[in-house]
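Asker: Next input, structure requested:
(4 chains)
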Number of protein chains: 2
Amino acid sequence: MLKISIDYNLEDTVYRQIYNQIVEQIASNNIHPGDKIPSSREIAGVLNINFHTVNKAYQLLRENGIIELTKNKRYIISKKNKTGNAIDNFKKKEIDIINEAMVRGLNDDDIIKTVKNILNLKNGAD
Amino acid sequence: MLKISIDYNLEDTVYRQIYNQIVEQIASNNIHPGDKIPSSREIAGVLNINFHTVNKAYQLLRENGIIELTKNKRYIISKKNKTGNAIDNFKKKEIDIINEAMVRGLNDDDIIKTVKNILNLKNGAD
DNA sequence: CACCTGTTATATATATTATATAACAGTTAA
DNA sequence: TTAACTGTTATATAATATATATAACAGGTG
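Answerer: Next up, the predicted model:
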């Protein structure tokens, strides 16, 4: 079951928080390809926010191939398919944050260990 | 010597592009700890933008301990020192983009290889 | 002293974010 | 066939973020 919460103290926008939390729960196998996700109005009602804000997150998820619309006008989680765009997108973001990490004192080993640690946590959380 | 360019087609803000490019050039050993960076008015003049926009990037770099102000009111590149904040910051960002990469079809090996590839390119570019 | 620095302040314009309503076509279930 | 739901589109408004434009100030430098 999908659980989302908004923290207004974070610098991330509301729709970005929704986006990241849905992505996180797919990555954590909490929700799976083919599963329906709640309607934007339903999420908005629970979080007490406007449904257009939820819709913006959904649009972004759709553009990135993470969710898709069925004929019944329901969004479902897409099957994973590794596109060139996904790889390029990952690499671009990685370069920026690895640069920053190195400049702020982390060495190669710190970086590799952190990444492996994150991956191991994911794999252990099935 | 510091080189910065702005691409208005990118979704990144101008001050973020400046921030990332300075970080990149420190990470690439193009500029080094102790080196002075050009004044915000100088950068702004070359890029034909407002110096407050450059200043916003400088403020952010300063808050993250990447540059510091000397008594002479000149910004210099700080010495690298691995703080807890730097590690936490790196980890938080990594989690979000690794989640997205996995959901978009990349597996553990793709992720590790991409990270190692980025680190190797940095180390070879001295 | 003239010139540079970062900083602060104020004002303005534009873009983004978030909310508020309303309406529409299509699906679903009573 | 209704009634209720869906996503989508449209319009309007408010608040915030981004970028520019000026001006002024304290302090260092030559």
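Asker: can we go C-alpha only for contacts and neighbour counts from here?
Answerer: Will do.
Asker: For chain A, which segments are assigned as strands?
Answerer: A:67-69, A:75-77 (DSSP state E).
Asker: pLDDT wise, what is the residue lying farthest from the centre of chain A at?
Answerer: Outermost residue of chain A with respect to the C-alpha centroid, by C-alpha atoms, centre = their mean, is A:Gly105; its distance is 27.6 Å. Here, the pLDDT recorded for A:Gly105 equals 95.
Asker: does any part of stretch A:46-57 sit near DNA strand D?
Answerer: Yes: against DNA strand D, stretch A:46-57 shows contacts by C-alpha under 7 Å from any atom of the strand at A:His52, A:Asn55.
Asker: Could I get the CA-only coordinates of that stretch as CSV?
Answerer: Backbone C-alpha positions of stretch A:46-57 (Å, rounded to 0.1, in the frame of the first residue of the first chain) are rendered in CSV as follows:
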residue,chain,number,x,y,z
VAL,A,46,-5.3,12.4,2.4
LEU,A,47,-2.5,14.9,2.4
ASN,A,48,-4.8,17.8,2.4
ILE,A,49,-3.3,19.4,-0.6
ASN,A,50,-4.6,20.3,-4.1
PHE,A,51,-5.0,17.5,-6.6
HIS,A,52,-3.2,19.5,-9.3
THR,A,53,0.0,19.3,-7.2
VAL,A,54,-0.3,15.5,-7.1
ASN,A,55,-1.0,15.5,-10.8
LYS,A,56,2.2,17.4,-11.5
ALA,A,57,4.1,14.6,-9.8
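Asker: What are the contacting residues of that stretch?
Answerer: A:4-6, A:14-16, A:18-19, A:40-41, A:43-45 (C-alpha atoms under 8 Å, 6 or more residues apart in numbering or on different chains).
Asker: again with stretch A:30-37
Answerer: Against stretch A:30-37 from outside (C-alpha under 8 Å, 6+ apart): A:Met1, A:Leu2, A:Gln25, A:Ile26, A:Arg74, A:Tyr75, A:Ile76, A:Ile77, A:Ser78, A:Lys79, A:Lys80.
Asker: go with 7 Å
Answerer: A:Met1, A:Gln25, A:Ile26, A:Arg74, A:Tyr75, A:Ile76, A:Ile77, A:Ser78, A:Lys79 (C-alpha atoms under 7 Å, 6 or more residues apart in numbering or on different chains).
Asker: What residues of that stretch count as buried?
Answerer: By 16 or more other C-alpha atoms under 10 Å in any protein chain shown, the buried positions in stretch A:30-37 come out as A:Ile31, A:His32, A:Lys36, A:Ile37.
Asker: Farthest-apart pair in the residues you listed, please.
Answerer: Greatest spatial distance in the buried residues of stretch A:30-37: A:His32 and A:Ile37, 10.0 Å, computed using C-alpha to C-alpha.
Asker: ok, longest helix in chain A?
Answerer: In chain A, taking DSSP state H as the definition, the longest helix is helix A:84-103.
Asker: just the angle between that one and helix B:84-103, please?
Answerer: 170 degrees (axes from the mean of the first three to the mean of the last three C-alpha atoms, to 10 degrees).
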